[in-house]
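Chemist: Predicted structure and sequence below. I'll ask about it afterward.
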Amino acid sequence: QLEESGGGLVQPGGSLSLSCTASGFTLSYYAVAWFRQAPGKEREFVSCISDSGFIIDYGDFVKGRFTISRNNAKDTAELQMNSLKPEDTSIYYCATSLWGCSADSADFATWGQGTQVTVSS
């Protein structure tokens, strides 16, 4: 199982850091991706990091505002989100794949329950 944490309410321009942890398996063996889905919208690719951490990809909308990382010694993955905008409001999910990074949610077999991020003044 995967579990996300760190979501919450933040003002526009603020920052949040999301974490993804695993139970029952070793996260460091997998590529980890973040997706998001807002009500009435399709699931959207946010970022992905390979098992080694050497391959990183971001969705076009990120534009340098988010940073994905992982700590394989602690078996966690993080998404640091800066300069948040109201349109970033969404449920954020982490997901894992044995097959490397991808922007296609269908390539990820295991998903967390999601954590709500709300950007509002």
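Modeler: Okay, I see it.
Chemist: Find the centremost residue of this structure, please.
Modeler: What sits nearest the mean C-alpha location of the chain, by Cα atoms, centre = their mean, is residue 34, with 2.6 Å.
Chemist: residue ranges of the strands in the chain, please?
Modeler: The residue ranges that make up the strands of the chain, judged by DSSP state E, are 2-5, 8-10, 16-22, 31-37, 44-49, 56-58, 66-71, 76-81, 90-97, 110-111, 115-119.
Chemist: between the ones you listed, which gets nearest to residue 104?
Modeler: strand 44-49 (7.8 Å; Cβ to Cβ). Using the backbone N, CA and C atoms, a C-beta is placed for each residue, glycine as well.
Chemist: tilt between the closest one and strand 76-81?
Modeler: 130 degrees (axes from the mean of the first three to the mean of the last three Cα atoms, to 10 degrees).
Chemist: can you pull the buried residues of strand 44-49?
Modeler: When neighbours are counted by 16 or more other Cβ atoms under 10 Å, the buried residues of strand 44-49 are found to be 45, 46, 47, 48, 49.
Chemist: for stretch 62-71, same thing?
Modeler: Going through stretch 62-71 with 16+ other Cβ under 10 Å, the ones that come out buried are 62, 66, 67, 68, 70.
Chemist: The closest residue to residue 22 other than its chain neighbours and residue 12, how far apart?
Modeler: Using Cβ to Cβ, 6 or more residues apart in numbering and skipping the chain neighbours, the partner closest in space to residue 22 is residue 2 (5.6 Å). In this structure, residue 2 lies at 29 Å from residue 12, with Cβ to Cβ, to the nearest Å as the measure.
Chemist: Between those two, which is the more surrounded one?
Modeler: residue 2 (23 against 13; other Cβ atoms under 10 Å).
Chemist: can you pull the contacts of the more buried one?
Modeler: For residue 2, the set of contacting residues under the criterion of Cβ atoms under 8 Å, 6 or more residues apart in numbering consists of 20, 21, 22, 94, 95, 96, 110, 111, 112.
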